[in-house]
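J.: fold the following for me, if possible:
(chains A and B)
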There are 2 protein chains.
Amino acid sequence: MAESEGSNGVQFFEGVEKLLEIWFTRTDGNSKQCDLRNIPRQKLESLLKIVRCEVISFIHNDQVDAYVLSESSMFVARRRFILKTCGTTTPLQCLKPLMLLVEQYAGFDEVEDVFYSRKNFKRPDLQMNPHQAFEQEVALLDSFFKDGAAYCLGTVNRDCWYLYTLNPLEGDNKKRHRGIPEPDQTLEILMSDLDPEVMAIFTREESSSAAEATQLSGDIWFTSCAFMLPPTVV
Amino acid sequence: MAESEGSNGVQFFEGVEKLLEIWFTRTDGNSKQCDLRNIPRQKLESLLKIVRCEVISFIHNDQVDAYVLSESSMFVARRRFILKTCGTTTPLQCLKPLMLLVEQYAGFDEVEDVFYSRKNFKRPDLQMNPHQAFEQEVALLDSFFKDGAAYCLGTVNRDCWYLYTLNPLEGDNKKRHRGIPEPDQTLEILMSDLDPEVMAIFTREESSSAAEATQLSGDIWFTSCAFMLPPTVV
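T.: Residues are numbered from 1 along each chain as shown, chains lettered A, B, ... in the order given. Alright, predicted model coming up:
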């Protein structure tokens, strides 16, 4: 797990997660045989190296392949790809190689919709390119999508939420009414300024090994204080 | 009027206006004798030099002193200061000297509310510090006001409107319910991609002198194509 040392020598880990969600389709509408889960595991692992994280565990059902990552999670359904990563990961760096893999192995040839969102970082200066600034992230996304719309919800200089999604331009009748018809809600819970005594349970001092910490916390153990409750996707 | 030459050699003028509005008060509530219009004209002109513009004409009534500037307008009422400037002007650079003048000549000792807003620039790279980026403008404003809140309305990567205003922090009961009780609406009309033939009326080619152009257009004449309809404040 990537950690950074701030200018004051105190260890810092960026808990804010970057969420990248992409829905794929085919321009000829003939996508019945297409499936993102046909992308070989090894290719996905190479993709995650670009993002600067790796697979820790994997489960799946008929609907979705779910991966616990060293920095959060990845979900791969038939036509929906979700990558949610914290720390100094670089999820937007995987866009181009991901699209090549999707075309080669999954059979889709068009992005139907994209959602990239995150809260403002505590330490944007510690992020890697293009994640130091939302404007840089948007510039990269705009290089792939001609009809992307970027928003900033909340107060820019306190807590805010950045969002990039496809929002067809006026006059593009073909695509104006597209969008994802399936119901989709996201709930994000962010905790900060927690009680240090409670947080201590999740550190090396309180748990002598990863196995013990796993038993105590019921989940993944990190070298820094962190507790991960992977989200579920149906 | 400040004009810039873009990298392609084409003359460019930033039509987007920066609007700075400040309401003053006194901490002891005894502001009956205070008046921003007590600031000497010469001091205001020095202030505008910092902003990189100058006074072209002046009218006034009981309510307000109204100045037409080389780059738009300035309005000074008893406790309300409005500066609205386009081009590469630097209105936020005048904050500190303005506050010193207000304290010295007008008698107010506290800022009651601030509104700084503008559309996103066509060419932010041609702006002067701190106007190249909203984040820089916010950082400067935050250095003066502890309870400022910054917003971005609209799509960041197409057309958006930036706003900074005072929004008292939770727990600051004294100021939580403050605000400007007087009704106040702003209407901004921005025109772009106008008919070149219509625009030509406002250029040197169609008007041989400033006097003629003034007569034709009914208003101020600029060296580049521009028509200004100064707003009115009651």
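J.: which pLDDT value does the model give A:Glu3?
T.: Listed pLDDT for A:Glu3 reads 53.
J.: likewise A:Leu140?
T.: 97.
J.: cool, A:Ile220 as well?
T.: Reading off the model, A:Ile220 has pLDDT 46.
J.: show me what contacts the residue nearest the centre of chain A?
T.: Nearest to the geometric centre of chain A sits A:Lys84, at 2.1 Å (Cα atoms, centre = their mean). Listed by Cβ atoms under 8 Å, 6 or more residues apart in numbering or on different chains, the contact set of A:Lys84 reads A:Glu17, A:Lys18, A:Leu19, A:Leu20, A:Ser72, A:Ser73, A:Met74, A:Pro231. All C-beta atoms are positioned from the backbone trio N, CA, C, and that covers glycine.
J.: got the domain ranges for chain A?
T.: Segmentation of chain A into domains, based on automatic domain parsing, reads A:6-168, A:191-234.
J.: just after the helix or strand of chain A with the lowest mean pLDDT, pick out the following helix or strand.
T.: Lowest on mean pLDDT, DSSP states H and E among the helices and strands of chain A sits helix A:173-176, with a mean of 50. Of the helices and strands lying after helix A:173-176 in sequence (DSSP states H and E), the nearest is helix A:196-200.
J.: buried set for that next one?
T.: Within helix A:196-200, no residue is scored as buried using 16 or more other Cβ atoms under 10 Å in any protein chain shown.
J.: would you list every one of the helices in chain A?
T.: Assigned by DSSP state H, chain A shows helices spanning A:41-51, A:95-101, A:134-144, A:173-176, A:196-200, A:210-217.
J.: flag every buried residue along stretch A:43-52.
T.: For stretch A:43-52, the neighbour count (16+ other Cβ under 10 Å) marks A:Leu44, A:Leu47, A:Leu48, A:Ile50, A:Val51, A:Arg52 as buried.
J.: same deal with stretch A:78-95?
T.: So, applying 16+ other Cβ under 10 Å, buried residues of stretch A:78-95: A:78-95.
J.: now, the residues you listed that are in strands?
T.: A:Arg80, A:Phe81, A:Ile82, A:Leu83, A:Lys84, A:Thr85 (DSSP state E).
J.: interface residues of chain A facing chain B?
T.: Listed as neighbours of chain B in chain A under the rule Cβ under 8 Å from any Cβ of the partner chain: A:134-135, A:138, A:142, A:148-152, A:154-158, A:167.
J.: check contacts around A:Ile50.
T.: A:Thr90, A:Gln93, A:Cys94, A:Pro97.
J.: residues contacting A:Ala133?
T.: Neighbouring residues of A:Ala133 by Cβ under 8 Å, 6+ apart: A:Pro124.
J.: mind checking how far it is from B:Phe75?
T.: A:Ala133 is 35 Å from B:Phe75, where distance means Cβ to Cβ, to the nearest Å.
J.: any idea how far the closest residue to A:Leu190 other than its chain neighbours lies from B:Gln127?
T.: Leaving aside its sequence neighbours, A:Leu190 sits nearest to A:Lys119 (Cβ to Cβ, 6 or more residues apart in numbering or on different chains; 6.5 Å). According to Cβ to Cβ, A:Lys119 and B:Gln127 sit 28 Å apart.
J.: one more: A:Asn157?
T.: Between A:Asn157 and B:Gln127 the computed distance is 19 Å (Cβ to Cβ).
J.: so for those two, which residue has more residues nearby?
T.: Between A:Asn157 and B:Gln127, B:Gln127 has the larger neighbour count (other Cβ atoms under 10 Å in any protein chain shown), namely 21 against 18.
J.: surely that one touches B:Thr88?
T.: Yes. Counting by Cβ atoms under 8 Å, B:Gln127 touches B:Thr88, with 5.8 Å between them.
J.: give the residues shared as contacts by those two.
T.: B:Glu14.
J.: name every strand pairing with the top strand by length along chain A and say which way it goes.
T.: In chain A, assigned by DSSP E, the strand with the most residues is strand A:110-119. Strand A:110-119 sits in its sheet next to strand A:18-25 (antiparallel), strand A:160-166 (antiparallel), going by DSSP bridges.
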